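Visitor: how does the following fold in three dimensions:
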Amino acid sequence: STENMFESLRDAIIMSTIVVFLFLASFRQIIVIMMNIPIVYASTIALMWLVGIDFKSLPSQPSS
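Guide: Numbers count the residues shown, from 1 in each chain. As a prediction, this is how the structure comes out:
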């Protein structure tokens, strides 16, 4: 659902910010990453829309 998407996006931004800060301690790189994650996420959704793939057709859990 869209609620899970936004939670995943929030978690990805938080985790990547923490990792970059711990390893690089660069606020400039943290800002760049925080700006790029939503852009990449939106680009992926736009590309899926252009190709004709919807979220309902994607499996919710990986098959084993």
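
Visitor: please count neighbours and contacts with C-alpha atoms only from this point.
Guide: Noted.

Visitor: where does this structure dip in pLDDT?
Guide: 1-2, 55-64 (pLDDT under 70).

Visitor: now the strands for it?
Guide: For the chain, applying DSSP state E gives no strands.

Visitor: longest helix anywhere in it?
Guide: Assignment by DSSP state H gives helix 27-51 as the longest helix of the chain.

Visitor: what helices and strands are in contact with it?
Guide: helix 2-24 (3 or more C-alpha pairs under 8 Å, 6 or more residues apart in numbering; DSSP states H and E).

Visitor: now do the helix it packs on against helix 27-51, angle only.
Guide: With axes from the mean of the first three to the mean of the last three C-alpha atoms, to 10 degrees defining the directions, helix 2-24 sits at 150 degrees from helix 27-51.

Visitor: now do helix 2-24: everything it contacts.
Guide: Here helix 2-24 makes contact (C-alpha atoms under 8 Å, 6 or more residues apart in numbering) with Ser26, Phe27, Gln29, Ile30, Ile33, Met34, Ile37, Pro38, Tyr41.

Visitor: chain center to stretch 23-38, what's the gap?
Guide: Relative to its parent chain, stretch 23-38 has a centroid offset of 14 Å by C-alpha atoms, centre = their mean, to the nearest Å.

Visitor: between the contacts of helix 2-24, which is closest to Gly52?
Guide: When the contacts of helix 2-24 are ranked by distance to Gly52 (C-alpha to C-alpha), Tyr41 comes first, at 16.6 Å.

Visitor: which one is that closest one nearest to, not counting chain neighbours?
Guide: Leu9 (7.9 Å; C-alpha to C-alpha, 6 or more residues apart in numbering).

Visitor: how far away is that neighbour from Val51?
Guide: Leu9 is 22 Å from Val51, where distance means C-alpha to C-alpha, to the nearest Å.

Visitor: same deal with Glu3?
Guide: Distance of Glu3 to Val51, computed by C-alpha to C-alpha: 23 Å.

Visitor: cool, Val20 as well?
Guide: Separation of Val20 from Val51 (C-alpha to C-alpha) stands at 33 Å.

Visitor: comparing these two, which residue is more hemmed in?
Guide: Val20 (15 against 9; other C-alpha atoms under 10 Å).
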